[in-house]
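Student: Quick check, what structure comes out for this input:
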Amino acid sequence: WYQRRVRDARAQKRPIYSKEVSAVNINSICVTNDKKNVIFGNSRGDIGKVDLRTGNLLKKYKGVAGSVRAVCHHPTQPFMTAASLDRYLYLYNSTSGSLVNKFLMKQPLNSVLFSSELPASLKKAKEEKEKRKRATGREEDEEEGEGGEEDVWDSLPVVREKAPVKKPKT
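Tutor: Below is the predicted model of the structure:
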């Protein structure tokens, strides 16, 4: 459960190479997109990257508090995600090992998957943006969109709470 073993079925049934990777059980494992490294997550919350050719631990990823239930490497980009029982989804840069972002989920996650498909809501928003772009003949600036949002907040009336009325002691 915590060792990396290499077997040669032609030679013998026992492993020809065995090396301890982690001190506790490994829960999840995935291969990187270059097919040279493996990323693993264990029940203590450790995430590491192991070189398949040498068996050496290349990198440890920090920041996970709960047991790692799933790890997944993006097929084309240098990103890796980890789902943990502490209800966070962690996004790491797999080359530098730095934590890019973490997202709090409503419930503990058991698996994670990268998809090449866009969700329906994002597809619709992308299509609407393309229609507006074709209709106006120019691209919308990000700053203009934010400015419109600020105008909405500026137009709202200010609500102030009244100070509580103190009751006289009787």
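
Student: okay, CA-based contacts and neighbour counts for the rest of this
Tutor: Will do.

Student: Can I take it that E127 is in a helix?
Tutor: Yes. E127: assigned to a helix according to DSSP: H, G, I helix; E, B strand; the rest coil.

Student: Quick check: the gap between it and S116.
Tutor: Distance, E127 to S116, using C-alpha to C-alpha, to the nearest Å: 17 Å.

Student: what about the two, which has more around it?
Tutor: A direct count of neighbours by other C-alpha atoms under 10 Å for E127 and S116 places E127 higher, at 12 against 7.

Student: show me where the protein has helices.
Tutor: Taking DSSP state H as the test, the helices found in the chain are 120-136, 142-155.

Student: which stretch in these has the least confidence?
Tutor: Ranked by mean pLDDT, the helices of the chain bottom out at helix 142-155, with a mean of 59.

Student: I'd guessed K36 sits against N56; true?
Tutor: No. Using C-alpha atoms under 8 Å, K36 makes no contact with N56, being 11.8 Å away.

Student: Mind listing the shared neighbours of those two?
Tutor: Applying C-alpha atoms under 8 Å, 6 or more residues apart in numbering, one finds that no residue jointly contacts K36 and N56.

Student: Next up, phi/psi of R53, please.
Tutor: Dihedral angles of R53 (phi, psi; degrees, to the nearest 10) stand at phi -80, psi -40.
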